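Participant: sequence first, predicted model second:
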Amino acid sequence: MKDTKKKEMKLVERLGMNSRQEAALLQIGFRFYQQGRFGDAKNIFEGLALLDGNNAYVHGILGSLYQREGKDEAAVSSYSAAIQLFDKDIDSRSNRGEVFLKLGKFQEAAEDFATTIRLDPARKNPAANRSRLLVAITQDAIKLGKEKGFEAVQQERNRLRQSQGRR
């Protein structure tokens with residue numbers, strides 16, 4: 001019996017691109033990102049996401065770019081796509097937790113931070129260590145709010161924002 005299923009081709013394959021060409025685009029996009037050329041990097045990674053939607057790395061970088069722009073929902077969506085493709089993606093999970101925290105989605109943030117911390121028992125991954133820091137700062141803010149009220153929490157929130165800007 002003949003198999004009637006057609007093999008699904010990635011768009012990169014349909015366009016005649018090979019894996020070396022795709023890897024070269026990834027490298028160029030990442031260099032732009034490292035150089036602070038975020039608009040150029042975003043153009044490349046958005047294109048790569050269209051060409052090959054099954055690349056967790058592409059979605060993770062896009063999430064970072066959207067997060068930088070303050071496009072929180074787009075960042076969460078990209079990080080979620082990366083995590084769905086690679087559930088041990090510490091960077092995307094930590095970053096998504098950070099966006100959730102900013103959006104006031106504390107349960108979701110806590111779940112991401114807990115998973116991130118669990119995935120790094122050796123405490124060597126910088127993103128997991130940032131999650132540990134954000135958990136500690138959040139716990140301190142809650143304690144402070146109970147002890148000293150809303151104004152103290154606002155000051156703690158400002159401290160959190162400053163720590164996020166130092167990445």
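Facilitator: Arrived safely, thanks for sending. What you see is a predicted model, and the numbers here were worked out from it, not measured in a lab.
Participant: now G53: how far from E69?
Facilitator: Using CB to CB, to the nearest Å, G53 is found at 21 Å from E69. (C-beta placed from N, C-alpha, C; glycine too.)
Participant: before we move on, what about K105?
Facilitator: For K105 relative to E69 (CB to CB), the value is 19 Å.
Participant: got it, and F113?
Facilitator: If you measure F113 against E69 using CB to CB, the figure is 23 Å.
Participant: sorry, back to before: and K105 and E69? which has more neighbours close in?
Facilitator: Neighbour comparison, K105 and E69: the larger count goes to K105, with 17 against 13 (by other CB atoms under 10 Å).
Participant: need phi/psi at that one.
Facilitator: phi -90, psi 80 (degrees, to the nearest 10).
Participant: show the pLDDT at it.
Facilitator: pLDDT, K105: 93.
Participant: one more: E22?
Facilitator: For E22, pLDDT reads 84.
Participant: how many residues are close by it?
Facilitator: Counted with other CB under 10 Å, E22 comes out at 18.
Participant: now do the helix or strand where it lies: which elements does it pack against?
Facilitator: E22 belongs to helix 19-34 when assigned by DSSP states H and E. Applying 3 or more CB pairs under 8 Å, 6 or more residues apart in numbering; DSSP states H and E, we find helix 19-34 packed against helix 38-51, helix 56-69.
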